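[1] just the structure for this:
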Amino acid sequence: MRETRELTYDDLVAGHEFPSVQYEITEDQVAKYVEAVEDRHPLYVDEDYARQSKYGHLIAPPTIAALVTTLRVVLGEVGIPPGTIHARQSFKFIRPVKAGDRLTITIRLADKYIERGKKLMVFESLVRNEMDEEVVLARITGIWPR
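    Numbering: from 1, shown residues only. Model (predicted):
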């Protein structure tokens, strides 16, 4: 097991970029995600229907991006302190993702500030596919306990 260093509020400045992370979306993940969220849209499960669509193939539900944009996935070796609260998250879906896509996720600290005595950090996760096209931009705001 690899040792991680806990990230504190004072460790980072706005604009800091973390090393990129590679992630592949698998057919199994898509199937399990579709089942878990009970969204069986034909673009996700019906190959004939999807082949006739503007995409020409099955795509994954856009919200599968939540799997690859979480702080724990992207920050990897940096520990998030116990008591950190996931305050809000937003997504901008740019292009569809499909099983087999190899994604590169880059996260940066977009902002940090104190509001009503609480220490907040705003992270942006930019997800690109193997053709270097932007597919998702996620913003995650966390309340740091220290």
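[2] next secondary structure after the one helix or strand E35 maps to?
    E35 belongs to helix 27-37 when assigned by DSSP states H and E. Counting by DSSP H and E, the next helix or strand C-terminal to helix 27-37 is helix 42-45.
[3] can you list the residue ranges for strands in this structure?
    5-6, 21-24, 78-79, 85-93, 102-115, 118-128, 134-144 (DSSP state E).
[4] who's in contact with the longest one?
    Which is strand 102-115. 9, 12-18, 20-25, 68-69, 71, 73-75, 97, 119-130, 135, 139 (CB atoms under 8 Å, 6 or more residues apart in numbering). For glycine as for every other residue, the C-beta is placed from the backbone atoms N, C-alpha and C.
[5] cutoff 6 Å now
    Residues from elsewhere that reach strand 102-115 (CB atoms under 6 Å, 6 or more residues apart in numbering): 12, 14, 16-18, 20-24, 68, 74, 120-128, 130.
[6] put the alpha carbons of that strand into PDB.
    What follows is strand 102-115 as a C-alpha-only set of coordinates in PDB (Å, rounded to 0.1, in the frame of the first residue of the first chain):
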ATOM      1  CA  ARG A 102      -9.200   6.300 -22.800                       C
ATOM      2  CA  LEU A 103      -9.600   9.500 -20.900                       C
ATOM      3  CA  THR A 104      -7.100  11.900 -19.500                       C
ATOM      4  CA  ILE A 105      -8.200  13.900 -16.500                       C
ATOM      5  CA  THR A 106      -6.500  17.000 -15.400                       C
ATOM      6  CA  ILE A 107      -7.500  18.700 -12.200                       C
ATOM      7  CA  ARG A 108      -6.500  22.100 -11.000                       C
ATOM      8  CA  LEU A 109      -7.400  24.200  -8.000                       C
ATOM      9  CA  ALA A 110      -9.500  26.900  -9.600                       C
ATOM     10  CA  ASP A 111     -10.200  28.900  -6.400                       C
ATOM     11  CA  LYS A 112     -10.000  28.800  -2.700                       C
ATOM     12  CA  TYR A 113     -11.700  31.100  -0.300                       C
ATOM     13  CA  ILE A 114     -13.200  31.400   3.200                       C
ATOM     14  CA  GLU A 115     -17.000  32.000   3.500                       C
END
